[in-house]
Each structure stands twice: as structure tokens, then as C-alpha cells.
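Enquirer: sequence and predicted model, in that order:
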Amino acid sequence: MTSARDRILVRLKSAPRRTMPERPDWAAPRYGEGRVTQFRAMLEAAHADVCEVARADWPERLRVILANKGVSRVLFAPATATGRQLAEAWAAGDAPKLVPYDRSIEEMKAVLVHEVQASVTTARSGIAQTGSLVLWPTPDEPRLMSLLPPIHVVLVDKGNIRDSLAETMQVEGWAGSMPTNAVLVSGPSKTADIEQTLAYGVHGPKELIVLVIGDDA
Amino acid sequence: MEALKSDFGGKAHVALNDPKLRANFRRAMDGLMAKRAAQFPDAEEWKTLRARGAAVRARALARLPELLEQLEAKLTANGVIVHWAETTAEANAVVLDILKAAGVKRVIKGKSMVTEEMHLNAHLEANGIRAVESDLGEYIIQLAGQAPSHIVMPCIHMNKAEIAELFADKIEGQTYTENVDELTAAARRVLRDRFADADAGISGVNFAVAETGTLVLIENEGNGRLSTTLPPLHIAVTGIEKVLEKLEDVAPLLSLLPRSATGQVVTTYVNMISHPRQPGEKDGPKAVHLVLLDNGRSKVYGDVELADTLRCIRCAACMNHCPVYTRVGGHTYTFTYPGPIGKILTPQLEGLDCAGDQPHASTLCGACAEVCPVQIPIPDLLARLRTEAVSPTSLAVKGGGSGRSLSESLGWGGWAALYSSPRVYRLSARLLGLFGNWMPAWLPMLRQWTSVRTKPKFAAKSLHQLARERGYSHDER
């Protein structure tokens, strides 16, 4: 007996052959010097908060932002460079409590689903055209960090902001290196399912805070 | 499911007389059309981007069988388990088997039109598995016990007040409120626990990339990401036509889909899944399955012209711009896919004998083809399906020929005979001028026309006659 797979493929292969059109020329937009401005404007239009901040200063800046929001428990990735910098800077004083994502989700589910109020992750790059952050989760910075807490803080290097998705895929060689999961994030979670009225934070983060890290900013 | 038959005329009559429904659709479609238009201000950009999008889809279809094999091989190498199903019943059985083998009792679902096509929820329910929809719109219509009326915005037929009432009635502890933020928060509260206690997540797929073995899912809410990340098991279900050749092909299509659909430059999330959880990773499903559903698509593929239907990326721009859809709403189409894309897809999947009236529910105005981001010639395909319904030219269409009727054949036969002989034409024109108005309105074909219109009146003298009397002459023998 043949399988469903074989029968489907036989039908498809017995169909008349067709000509393959070429891919006609198309180029995604370029922004030159205006790249960061475009990136920022698009994210802000999508209801994200964007701060440009120097590499040494971001933990303190973030501490103030989160303090103003009354955040007391922050999920972080203890084994990443960003996580280490954060832990060091927040060790002293009245910073929010840092909760490490250091065990599997099965052991941490309750904490992640209900307890932490914010999380801090990094983005591999940014995309100016659409105001998107490229998240490339790793064992040290897992997938759910950017999804379950009500506030998501993302660090992106100014130098890693590119013009378009097409450029990013090509320059970074994605086709040969797709990870378990890669995500583009372009704002806080939202819906317009009820009478086309925008509402934020339906399932994912209600707030997205983007820290654009520069060596000079 | 077998018993489903399209009744466009009957349902349209009811919908047209429902002012609330019409207002809900009118408001929504006007908004969506304006938002889309604002996304494509540059005609040149639209032209080149759309040509690229159409070519990318046409290329993928031209190599469909090879690409499906490549996709399967890649995904398998990535650790994703691939299944094939010829029919919706087979696909339901495949999903149920996977769930049963894993001892799953509770499923959380991301939005998926293919699982609507399969009526998967009902099948799981009948087998003791509870599947909760987590897209807000899908959640709302699941609470209401309804089917989606739009492929992108499932509960677009309902207004705030109806949703407020539904929530107050069905969600424990919820009081009546029309505040959209509060309604959204109520759904978040309920669904968060359903995400946390789900044993499996089921989702659809927007693009399946053969080159890398990557499943691309786009959404705004995060429910799709949660459904595919939090539970220990993920089952993705897709039609076989969703495959793309290369990862780079995702870029132009992503630039077309959300802009065409909701007038967004990009969706909040673009979720690209290539592997199950790898050793050392702390979250993500430990097992990922992909179910490839045929359900008639490989038959559609057999006809080179009609196969253009399979280019569709499900943006819904065609329905948003359709003057018919806007007035009658999605439920009038009976089957899963409404609007212009439904009118060409449904008769091919279900058969012209079940949905033969749908290609006729169109004025062929061409608005759908004008906005289609992958250039599907929808009006041409509607016309082709009308032809297939009466005189099949291809074996590709299920139920071809089922639309033939004796009175129509006789009518057209008579008309052809009349118009091909000048003498017979002149004689009948004269006779109709003298006696035509005695023709009763209940005659076949005339009956449908006169049910909503006054019967046309024959003039006492034909145009030819009048012209001759005024001294105009032509080359008549």
C-alpha cells in the first residue's frame, strides 16, 4: 500500500511542468545616515519606548526607568555579558531583585508565567525599515524571556542596526545558521480583534523598552 | 462536514437584511482599505515588490514536489517530525494520534485557517481533548460557538457590545464592560492559565522554507509564540502549497503580507522555528511535528491556470476590497475561506457540485486582483470556474459539469441559433416586439431575474427597424 506522501507526490509530479519565472529585481529600502532615526521612529510608532544610552550607563538608566514603573522583580540571563553587567551594577543599592533564568521552563514555569514583572535580553541586530529587533535566543538567553513578562527590555547595539530584513539575512548569513528559534519583535504585544480598536499586552509584553547602546551616546 | 453545501443566495438574502452585521462589516472594511492604501503610497514600489512576491510564489509552485521533499528532508534533519495527509480526516487522525501518544489532554491553539478547514477542534473534542483557541478573535468566536467570518480578523462580524455580553456570560467573575482594554485583559487572564497548563500547542504556518527547514509564523498578539514555545509539544499544520524555496524569499513576502492585510508595515512578531528544543536549551517544545495537508490541493495543481489559486498567502486583501463580501459577510460563504479567494478555492477543494454558486457571487469588478499582493488573476479564475461548471475542459475540477441545466442549455442554444442567421433574427425580433410582452415572468431563467427586478419590456419596433424607417442603410443584403 502506498502512503499519503507517495500519492500526493505522484499527483504533483504528474502535473504539467511549468516555466520557472526569474526573480525580478527588487531592492529593499536603504537609509544611510538616517538609519537609527528610522529605526527609532518605527519602533515608537509601534508604541515602544526607545532610549539611546552609552554602554557603561545603561544599567543605571534602566534601574531608574523600572523604578518609576514600580518594578521589583526582573528576569535576567545570568550567563550572558549583558546579564553579568546588570548583576554587577545592580548588586548594591535599591535596584529591583534580579531573578535568573537558570533552570528549565518546567522548573521555572510559575515564576515566568506569573511572578516576574520585567525581563532584560539582547537583540542580535535591529532593522530600520520596520523598526524590528532580531532576537536570536540561546541556551543562556532562552526564548520565553522576551515573551512572558509584562515588560520586555531589549538592548541593541547601534552598530548592529541594518536597513532591511533582506540585508540582515544576507549580511548575517542566516540561511546557513538558523537557530532553534529566531524572532523579529517590532513592538509590544497587541491586538485589534475587537472592533479594530488597538489594545496592548494581550498575551506577550504590554511594554517594550528598547535601549540602543552606543559607545558615545 | 460531508453535508455542507453552499447556499450563497439564501444566506446573502438574510445577511443583506441584517443592518447590524452590515454596519460591522462596512466599518471594518472601510478601515482596512484605508490602512492598506496608506502602506502603498509609491506605485513604483508596489509594482516591483508585488512582481517579486508573485514570482517567488510562482517559482515555489513550479518546483512544488521537489521543494516539499527538500522541506521534509531539512526538517527531519533538524529534528522536526513530518507527516502527510491527503484528506482533512487523515490530518485529524494524524494530529489525534500524536496527541494520544503523548498523553495530551489539553491543547492551546494559535490561529490556523487550515485547522478550521479540518474542523480539528470538533474532532479533538469528540475524542476527549480540549482545544482552546488563544488568538483573541478566535477565542471570542470559540466562546460564541461560531466560525470565523474573516481569515485574518475572525470576529469582525461582532461589535463591542456583543463581545461584552459574551464575556460577561461566559467568563467567570467578568462583569459587562465595553472597554476594549478591560475585555482584552480578561482574555489574557483566562488564557495565561490555559497556556501554562496546556500539554501541547497547535499552530498554523505562514511560510515553510525548504532551504533551511524553517516554519515562519506571523502574528501581533504573542499567542502564536506562546503556543509554539511554552507547551512541551508543538504540532504545526499547513497546506502543502505554503512552501518557499529560499529563506531570502521570506523578505519580500513579509513586506507584502501585513501591509496588504492590516496596513501594518510588519507584524509585532515574526516567529521562525527550525528545531525542537536542543540539548542545553531551557525552553521550547521537546518535540515539533509538521502535518502537511493536501485536501484537494494536488488536484488543483494539475491545472496550470487554476493552480494560481495556490499562490495565495492569505492576507485577506481581496475580501477587504470585495463589494460583495463587504455587504454579506464571511458566514454567507458557508465554508472556511470566504471572499474572492474563497470563491475560487472552495469550489476546487469541495467541488463545484457543493459550492458551484460561489464563482457566480461576483460582479467580476476586479478589485480583488488589483490588490492581490501575489497577482492571482481572481476574476479570470472565477470565469474559468463558471465555464468548468457547465462544460468541463479539464478533469482538474471536482464536480465539473454539475452546473449544467436543461433550460439554460436550451436558452443559450436558441440564442446562438437566433443570432447566427439574420433572417431568423429579424423575424424573431419582430415577433418579440409584437408578442414578447405576453411572456409570463415565471418562465425559467426569467423567474430569477424578475424576482428582484421588473420584467424588461420589448419595444414595439426594434432598433434595426427604426433605423431603416429613418433612412439609415447598411450593407444588409
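Expert: Arrived safely.

Enquirer: which element is the residue of chain A found nearest chain B on?
Expert: Proximity to chain B, evaluated over chain A using C-beta to the nearest C-beta, is greatest for residue A:204 at 2.7 Å. All C-beta atoms are positioned from the backbone trio N, CA, C, and that covers glycine. If you go by DSSP states H and E, residue A:204 is not part of any helix or strand.

Enquirer: isn't it right next to residue A:147, touching?
Expert: Yes: applying C-beta atoms under 8 Å, one finds residue A:204 in contact with residue A:147, separated by 5.2 Å.

Enquirer: all strands of chain A, in order?
Expert: A:49-54, A:73-76, A:97-100, A:118-122, A:125-127, A:132-135, A:151-157, A:161-162, A:181-185, A:190-191, A:199-200, A:207-214 (DSSP state E).

Enquirer: nearest to residue B:36, out of those strands?
Expert: strand A:190-191 (17.9 Å; C-beta to C-beta).

Enquirer: contacts for the closest one?
Expert: The contact list for strand A:190-191, computed with C-beta atoms under 8 Å, 6 or more residues apart in numbering or on different chains, reads A:47, A:198-202, B:136-137, B:184, B:220-221, B:268.

Enquirer: pull the contacting residues for residue B:106.
Expert: B:129-130, B:132, B:194, B:197-200.

Enquirer: run a quick neighbour tally on residue A:16.
Expert: 9 (other C-beta atoms under 10 Å in any protein chain shown).

Enquirer: my guess is it contacts residue B:301, does it?
Expert: No: between residue A:16 and residue B:301 no contact is recorded; they are 9.6 Å apart, counting by C-beta under 8 Å.

Enquirer: would you map the helices across the stretch 201-350 of chain B?
Expert: With DSSP state H, counting those that start in this stretch as the criterion, the stretch 201-350 of chain B has helices at B:223-229, B:250-262, B:297-301, B:317-320, B:323-328, B:339-350.

Enquirer: could you dump the ones you listed to TSV with mean neighbour count, distance to residue A:111 and mean pLDDT?
Expert: Listed next are the helices of the stretch 201-350 of chain B as TSV, based on neighbours: other C-beta atoms under 10 Å in any protein chain shown; distance: least, C-beta to C-beta, whole Å; pLDDT from 0 to 100:
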stretch	mean neighbour count	distance to residue A:111	mean pLDDT
helix B:223-229	29	16	98
helix B:250-262	24	33	98
helix B:297-301	24	44	96
helix B:317-320	29	42	98
helix B:323-328	20	46	97
helix B:339-350	27	44	97
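
Enquirer: make JSON lines from the ones you listed and add distance to chain A to it.
Expert: Output for the helices of the stretch 201-350 of chain B, formatted as JSON lines (distance: least, C-beta to the nearest C-beta, whole Å):
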{"stretch": "helix B:223-229", "distance to chain A": "5"}
{"stretch": "helix B:250-262", "distance to chain A": "4"}
{"stretch": "helix B:297-301", "distance to chain A": "4"}
{"stretch": "helix B:317-320", "distance to chain A": "12"}
{"stretch": "helix B:323-328", "distance to chain A": "14"}
{"stretch": "helix B:339-350", "distance to chain A": "14"}
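
Enquirer: adding distance to residue B:357 as columns, could you present these in a markdown table?
Expert: Output for the helices of the stretch 201-350 of chain B, formatted as a markdown table (distance: least, C-beta to C-beta, whole Å):
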| stretch | distance to residue B:357 |
| --- | --- |
| helix B:223-229 | 34 |
| helix B:250-262 | 27 |
| helix B:297-301 | 19 |
| helix B:317-320 | 17 |
| helix B:323-328 | 12 |
| helix B:339-350 | 9 |
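
Enquirer: and the residue of chain B closest to chain A?
Expert: Counting by C-beta to the nearest C-beta, chain B gets nearest chain A through residue B:222, at 2.7 Å.

Enquirer: rewinding a little: so of the strands of chain A, which one's packed in deepest?
Expert: strand A:132-135 (a mean of 27; mean count of other C-beta atoms under 10 Å in any protein chain shown).

Enquirer: in CSV, list the C-alpha atoms belonging to that strand.
Expert: C-alpha atoms of strand A:132-135 as CSV (Å, rounded to 0.1, in the frame of the first residue of the first chain):
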residue,chain,number,x,y,z
SER,A,132,12.3,45.4,14.3
LEU,A,133,14.6,43.7,16.8
VAL,A,134,16.2,40.4,15.8
LEU,A,135,16.1,38.1,18.8
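
Enquirer: would you list the phi and psi of residue 79?
Expert: In the absence of a named chain, chain A is used. Phi and psi for residue A:79, reported as degrees, to the nearest 10, are phi -90, psi 0.

Enquirer: not quite, I wanted chain B
Expert: Here is the backbone geometry of residue B:79 (degrees, to the nearest 10): phi 100, psi 10.

Enquirer: could you point out which residue ranges in chain B have low pLDDT?
Expert: Within chain B, the set of residues satisfying pLDDT under 70 comprises B:1-3, B:474-477.

Enquirer: need the residues of the stretch 301-450 of chain B near chain A, please.
Expert: B:301-302, B:304, B:307 (C-beta under 8 Å from any C-beta of the partner chain).

Enquirer: of these, which is the most crowded?
Expert: residue B:301 (27 neighbours).

Enquirer: distance of it from residue B:74?
Expert: Distance, residue B:301 to residue B:74, using C-beta to C-beta, to the nearest Å: 21 Å.

Enquirer: closest to residue A:139 out of the contacts of strand A:190-191?
Expert: Using C-beta to C-beta, those come closest to residue A:139 at residue B:268, 25.2 Å.

Enquirer: the closest one touches residue A:192, doesn't it?
Expert: No: contact criterion C-beta under 8 Å: residue B:268 and residue A:192 do not qualify, at 11.1 Å.

Enquirer: which neighbours do the two share?
Expert: What both residue B:268 and residue A:192 touch, as defined by C-beta under 8 Å, 6+ apart, is the set residue B:220.

Enquirer: what residue ranges in chain A score low on pLDDT?
Expert: For chain A, the ranges with pLDDT under 70 are A:1, A:216-217.

Enquirer: and the helices in it, which stretches?
Expert: Using DSSP state H, the helices of chain A run over residues A:4-14, A:35-45, A:58-68, A:81-90, A:105-110, A:165-171.

Enquirer: any chance of these in JSON lines, plus mean neighbour count?
Expert: Listed next are the helices of chain A as JSON lines, based on neighbours: other C-beta atoms under 10 Å in any protein chain shown:
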{"stretch": "helix A:4-14", "mean neighbour count": "16"}
{"stretch": "helix A:35-45", "mean neighbour count": "18"}
{"stretch": "helix A:58-68", "mean neighbour count": "16"}
{"stretch": "helix A:81-90", "mean neighbour count": "17"}
{"stretch": "helix A:105-110", "mean neighbour count": "15"}
{"stretch": "helix A:165-171", "mean neighbour count": "19"}
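
Enquirer: check the burial of residue B:469 by counting its neighbours.
Expert: Neighbour count of residue B:469, defined by other C-beta under 10 Å: 9.

Enquirer: meant to ask about residue B:197, not that
Expert: There are 15 residues near residue B:197, going by other C-beta under 10 Å.

Enquirer: now do the one 10 residues further on
Expert: The criterion is other C-beta under 10 Å. On that basis, residue B:207 has 25 neighbouring residues.
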